[in-house]
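Colleague: take this sequence and fold it.
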Amino acid sequence: MRLYSLSVLYKGDPKVHLLKAAYDVSTFNFFQRSSVQEFMTFTSQLIAERSPLGSRASVKEQEYLCHVYVRNDGLAGVVIADNEYPQRVCFTLLDKVLDEFSRQVSKMDWLSGSPATISYSALDGYLSKYQVQTP
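Modeller: Predicted structure coming up:
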């Protein structure tokens with residue numbers, strides 16, 4: 001069971017933009033890592049864009065399950081995991097991350113922010129904390 005990506009996005013008009021993301025592509029071949037990461041970024045944006053405000057959903061994309069939560073204020077979170085990772089845990093993680101993000105990052109920054117300008121460093125920690133270690 002693995003988590004591959006954890007993203008925070010803002011669903012504004014007219015499109016969704018990425019605010020911050022963390023990736024774990026260590027299980028992929030070195031030469032595939034950048035394209036896998038691009039795929040995960042694109043997929044996260046697409047799923048958030050197609051999800052209505054105030055909704056939660058799980059979408060299967062290739063061999064991954066993408067869990068999305070879009071809050072009523074437009075803040076969205078996407079977790080990309082393998083098929084075995086528990087859905088309930090993914091949504092608990094998204095709740096926690098989005099609540100914390102909205103407390104630490106000003107709503108003004110959501111509109112124009114980007115991964116380079118947003119200072120929120122907890123995503124990598126959450127990604128490794130919620131990673132299931134298999135013996």
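Colleague: okay, now the residue nearest to residue 55 when sequence neighbours are not counted: neighbour count?
Modeller: Once flanking residues are discounted, residue 55 sits nearest to residue 70: 5.5 Å by CB to CB, 6 or more residues apart in numbering. Just so you know, the C-beta spots here come from the backbone N, C-alpha and C atoms, and that holds for glycine as well. Residue 70 has 26 neighbouring residues, counting by other CB atoms under 10 Å.
Colleague: go ahead and confirm residue 70 touches residue 47.
Modeller: No: at 9.2 Å, residue 70 does not count as touching residue 47 under the criterion of CB atoms under 8 Å.
Colleague: chain center to the lowest-mean-pLDDT helix or strand in the chain: distance?
Modeller: For the chain, counting by mean pLDDT, DSSP states H and E, helix 107-112 ranks last in confidence among helices and strands (a mean of 91). From the chain centre to the centre of helix 107-112 is a distance of 17 Å (CA atoms, centre = their mean, to the nearest Å).
Colleague: next one: stretch 111-123
Modeller: For stretch 111-123, the separation from the chain centroid amounts to 13 Å (computed by CA atoms, centre = their mean).
Colleague: ok, and what's touching that stretch?
Modeller: 6, 8, 10, 12, 17-22, 97, 100-101, 104-105, 109 (CB atoms under 8 Å, 6 or more residues apart in numbering).
Colleague: wait, which of those residues is closest to residue 132?
Modeller: residue 6 (14.2 Å; CB to CB).
Colleague: please identify the helix or strand for that closest one.
Modeller: strand 3-11 (DSSP states H and E).
Colleague: re the thing from before, just the buried subset of the contacts of stretch 111-123, please.
Modeller: Buried members of these, scored by 16 or more other CB atoms under 10 Å, are 6, 8, 10, 17, 18, 19, 20, 21, 22, 97, 101, 105.
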